[in-house]
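In: Quick check, what structure comes out for this input:
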Amino acid sequence: MDNDILIPEMGALLQQGRDVRFTPSGFSMRPFIEGERDTVVLRKCATFRVGDIVLAQIPNLQSPITNPQYVLHRIIAINDKLITLQGDGNLQGTEQCTTNDIYGTVVQIYKPNGQTKCLTRGRIWFYLKPIRRILLKIYRKLLKLQNNTL
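Out: I've put the predicted structure just below:
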């Protein structure tokens, strides 16, 4: 289903106080969320903290009025109502939104076998930024090896 339809529907459910579970499609949150494999549970939250993983609408720089973009990224800075986001698997580049652009906060991450993953604030990962490229390369190689043995 197209994100332009799915995410507003998810937003409506979150506004009603319901949790929403879905499988993200991208790989920008590696290694903590593996797109198209792990599922996440979102909850509407009134407050946000650095380290929260959120689903947010950000402006589409090519078509800002008609086609918003949606990201599931970690909050790396908060300045009043302005939120700066970055995917854990992204080595550079950030997005900005306001608190009103956030649909929900990830409260649980599930592996395909149903086990839950540890939900962290990513503080250590944040400080490992200088060597993330190497760590992500090792992670991708391990994933490839794992997939080849299945």
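
In: Not counting the helix or strand of the chain with the lowest mean pLDDT itself, show me its contacts.
Out: The helix or strand with the lowest mean pLDDT-type score in the chain, counting by mean pLDDT, DSSP states H and E, is helix 123-127 (a mean of 87). Taking CB atoms under 8 Å, 6 or more residues apart in numbering as the criterion, the residues outside helix 123-127 that touch it are 32, 51, 76, 88, 132. C-betas here are computed from N, CA, C, even on glycine.

In: Kindly recompute the last result at 7 Å.
Out: Surrounding helix 123-127, the residues in contact under the criterion CB atoms under 7 Å, 6 or more residues apart in numbering are 51, 76, 88.

In: nearest to D101, of the residues you listed?
Out: For those, the residue nearest D101 by CB to CB is I76; the value is 15.5 Å.

In: rewinding a little: immediately after the least confident helix or strand of the chain, which helix or strand?
Out: Going down the chain from helix 123-127, the next helix or strand is helix 132-149, by DSSP states H and E.

In: Give me the distance from that following helix to the chain's centre.
Out: In terms of CA atoms, centre = their mean, to the nearest Å, the gap separating the centre of helix 132-149 from the centre of its chain is 20 Å.

In: got a list of contacts for it?
Out: Where contact means CB under 7 Å, 6+ apart, the residues beyond helix 132-149 that reach it are 30-31, 89, 91, 128.

In: what do you get if the cut-off is 8 Å, keeping everything else the same?
Out: Helix 132-149 is contacted from outside by 30-31, 34, 89, 91, 125, 128, using CB under 8 Å, 6+ apart.

In: pLDDT averaged over the longest strand anywhere in the chain, what's the number?
Out: When the chain is parsed with DSSP state E, its longest strand is strand 69-79. For strand 69-79, mean pLDDT rounds to 95.
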